[in-house]
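*Asks:* Okay, predicted coordinates and the sequence, questions at the end:
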Amino acid sequence: MDGVERGFAKRNLPILRAWAQWHNTGVDFVRRILWADRKQKPPGVTVYAYPHPWIYSRIMATKEVYGFTMETWPRIRPVGPFDNYCDGFGMPGAAGLGYISTMKVSTGLSDLAKFDGDLELAESIAAYDKAEKNGAYIGQINMGDASSFCGPMGRLWGYDLAVPSDLRDRLLMTLVQADGSELPVYSADPLINATQELFGVESKRRFPPAPGSYVLCANKSAMGARASDGPQSCVDPVNAVWCYLAISIASDRHNSADLFVEDAGTSALATSMEMETWLASHVRSVTNSILACGSDQGGTFKETFISWAYTMIPEGHAGIALACAPYVTLAKNAVVGGGFDSMLGMPLSDWMGAAGEGVSIS
């Protein structure tokens, strides 16, 4: 081990010691790493050529998230009781502490004629259920409301683990925070897609929340409807519904929470082109609310990811747009490699290759 490697090891000793303890390797692992001269090792003892790239990557990922005080936090291992189903955070049977935050935006439509014009049934039940099942599958759950934060005991799917290769490929804008620092804003589509890979879709589910499970979600939705003909039978008829979902990563994730922001509403705009133009401009208002939240809390963010969804509502239909962030514990078979800790920083493609098909629906 040369001087540079030895210095790196000594500077990161708290991380190394905690990492070794969490992986049941003990302090002997640390001693082997820190030996400056292989000639000094006892006979028959293997000395690791440090820094090994695999260990290095995880130590640096841990440093970025927790700084040097990660050993002061309880071990996070949000794994639920089911082999192929995720479960809601806080439900009994989880193997460890913490939770996984996920991201989803979707829309749903229902035919008013099938409900004899009953707007409440068409909107709040049928269309809402379709929005839950469309995209990343979270159908058949009991959705509970949660406030919009992912704290130090949480991990963001697609950001902390199962990371898409295109996570930061699409920069939408750069904002200036209250302290003068810049806040890059990226498309959250890669995070939305990562959630879809975890849960699967309705026709090909992977590790969705268990049927009937209680799942807390940061969420917001908007509903609207259009009559087909004759006297207007819908209150406040609209042409489209839309929603946004953003996540802002705290600069200090050990002492602050990541912030979810949801927005949803209806529109009288008549065409998809008009809607897309308006949505692309309204994103500035949503991100300005993120700046205001950061300023109010006296904190800053490292980066923001935001996506949106909308649907035009045909005549005679009800529609809904849903932005939600389910808080879950992972299915046992969704945990790959050397366990949950080894998944930190793992590319999404590697996770998909190792995780397999998940649940089988006949």
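*Replies:* The structure has been received and is ready for your questions. Keep in mind that what you see is a predicted model, and the values were worked out from it rather than measured.

*Asks:* what about the closest residue to Asp118 other than its chain neighbours, how many neighbours?
*Replies:* Among residues not flanking Asp118 along the chain, Leu112 sits closest, at 8.0 Å (C-beta to C-beta, 6 or more residues apart in numbering). (Each C-beta comes from the backbone N, C-alpha and C, glycine too.) Neighbour count of Leu112, defined by other C-beta atoms under 10 Å: 23.

*Asks:* Over to Ser187?
*Replies:* Neighbours around Ser187, by other C-beta under 10 Å: 18.

*Asks:* what's the weakest-modelled helix or strand in the protein?
*Replies:* helix 26-34 (a mean of 42; mean pLDDT, DSSP states H and E).

*Asks:* before we move on, back to that, isn't the residue nearest to Asp118 right up against Pro314?
*Replies:* No - judged on C-beta atoms under 8 Å, Leu112 makes no contact with Pro314 at a distance of 10.1 Å.

*Asks:* From Gly316, how far out is the residue nearest to Asp118?
*Replies:* Leu112 sits 5 Å away from Gly316, taking C-beta to C-beta, to the nearest Å as the criterion.

*Asks:* Which residues are in contact with each of these two?
*Replies:* Shared contacts of Leu112 and Gly316, defined by C-beta atoms under 8 Å, 6 or more residues apart in numbering, comprise 227-228.

*Asks:* Can you name the next helix or strand after the helix or strand hosting Val185?
*Replies:* According to DSSP states H and E, Val185 maps onto strand 182-187. For strand 182-187, the following helix or strand on the C-terminal side (DSSP H and E) is helix 189-199.

*Asks:* Report the rounded mean pLDDT for that following helix.
*Replies:* Averaged across helix 189-199, pLDDT comes to 98.

*Asks:* got it, and stretch 280-295?
*Replies:* In the prediction, stretch 280-295 has an average pLDDT of 95.

*Asks:* same thing with stretch 167-182?
*Replies:* 96.

*Asks:* Name the residues of that stretch that come out as buried.
*Replies:* 167, 172, 175, 177 (16 or more other C-beta atoms under 10 Å).

*Asks:* In helices only, show me those residues.
*Replies:* Among the buried residues of stretch 167-182, none falls in helices (DSSP state H).

*Asks:* out of those, who's nearest Lys220?
*Replies:* Lys220 lies nearest to Leu172 out of the buried residues of stretch 167-182, by C-beta to C-beta, at 20.2 Å.

*Asks:* burial measure for the residue lying closest to that closest one once chain neighbours are set aside, as a count.
*Replies:* Distances taken as C-beta to C-beta, 6+ apart place Val185 nearest to Leu172, at 4.8 Å, with adjacent residues excluded. The local packing of Val185 (other C-beta under 10 Å) involves 23 other residues.

*Asks:* for Val185, what are its contacts?
*Replies:* 171-175, 287, 303-306.

*Asks:* Return the closest of the residues you listed with respect to Ala325.
*Replies:* Phe305 (11.6 Å).

*Asks:* how about that closest one, phi and psi?
*Replies:* phi -130, psi 130 (degrees, to the nearest 10).

*Asks:* which residues does it form a beta bridge with?
*Replies:* Beta-bridge partners for Phe305, by DSSP bridges, are Tyr186, Ile247.

*Asks:* That one and Pro184 touch, don't they?
*Replies:* No - between Phe305 and Pro184 there is no contact under C-beta under 8 Å: 9.6 Å.

*Asks:* For those two, indicate the residue with more neighbours.
*Replies:* Phe305 (26 against 15).
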